[in-house]
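# fold the following and give me the result.
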Amino acid sequence: MATELKLKLQEGDQAPDFSAATNGSGRVSLADFKGKQVILYFYPRDDTPGCTQEACGFRDHFAVFKKRGAVVLGVSVDPVKAHDKFVTKFKLPFPLLADDDKKIVNDYGVWGQKSFMGRKYEGIHRVTFLIGPDGKIKKIWPQVKPEQHAAEVLAAL
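Model prediction:
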């Protein structure tokens, strides 16, 4: 289904800083979480089957992530209004970042050509980055399976 993505960032690289609006009229930047582990997961669209499954996996493991000192942040190019509905509908306890200008998805190299049922289009590849307390990328999951992803990330902490 997905087209292979050539990642521009590697494990060990400094994570690009970002700042974005979030659901609930918030705003976060990577610098806000200095000294913590950050799980930055990119997903295509709010309230679609795979994205809902992935977000709910992070929700269901959220207490353990928090106990281990990790912060969970979801990123898509959906607007804040869509994030607000998605968070409310599924009771997501972590912020979703609205990357409307596609700066974060481009900085992290997760925006690119995809194909679905023979149709090619531009979109977000489902990729997760684990950023260490020092701001360096500790681990990258370039091929995410939504149903088991939260458990995989938890195992890496």
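# which stretches of the protein form helices?
Listed in chain order, the helices found in the chain under DSSP state H are 49-60, 62-67, 80-90, 103-107, 149-156.
# what is the burial count for residue 24?
12 (other C-beta atoms under 10 Å). Every C-beta, even on glycine, is put in place using the N, C-alpha and C of the backbone.
# residues contacting it?
84, 87, 95 (C-beta atoms under 8 Å, 6 or more residues apart in numbering).
# direction included, what does the helix-or-strand element of the chain with minimal mean pLDDT pair against?
Every helix and strand in the chain was compared by mean pLDDT, DSSP states H and E; the lowest is strand 111-116, with a mean of 87. If you go by DSSP bridges, strand 111-116 pairs up with strand 119-124 (antiparallel).
# the partner strand vs helix 49-60, what angle?
20 degrees (axes from the mean of the first three to the mean of the last three C-alpha atoms, to 10 degrees).
# flag every buried residue along strand 119-124.
Buried residues in strand 119-124, counted by 16 or more other C-beta atoms under 10 Å: 123, 124.
# where's the spatially most distant residue from the centre of the chain relative to residue 112, distance?
Farthest-out residue of the chain from its mean C-alpha position, per C-alpha atoms, centre = their mean: residue 118, at 25.9 Å. From residue 118 over to residue 112 the distance is 17 Å, taken as C-beta to C-beta, to the nearest Å.
# now swap in residue 149 and tell me
20 Å.
# and what of residue 81?
26 Å.
# with neighbour numbers in mind, choose between these two.
residue 112 (17 against 11).
# what bridges to the more buried one?
Here residue 112, judged by DSSP bridges, has bridge partners residue 123.
# ok, now which ones touch residue 27?
Counted by C-beta under 8 Å, 6+ apart, residue 27 has contacts 19, 20, 21.
# the second one against residue 97, yeah?
Yes: counting by C-beta atoms under 8 Å, residue 20 touches residue 97, with 4.1 Å between them.
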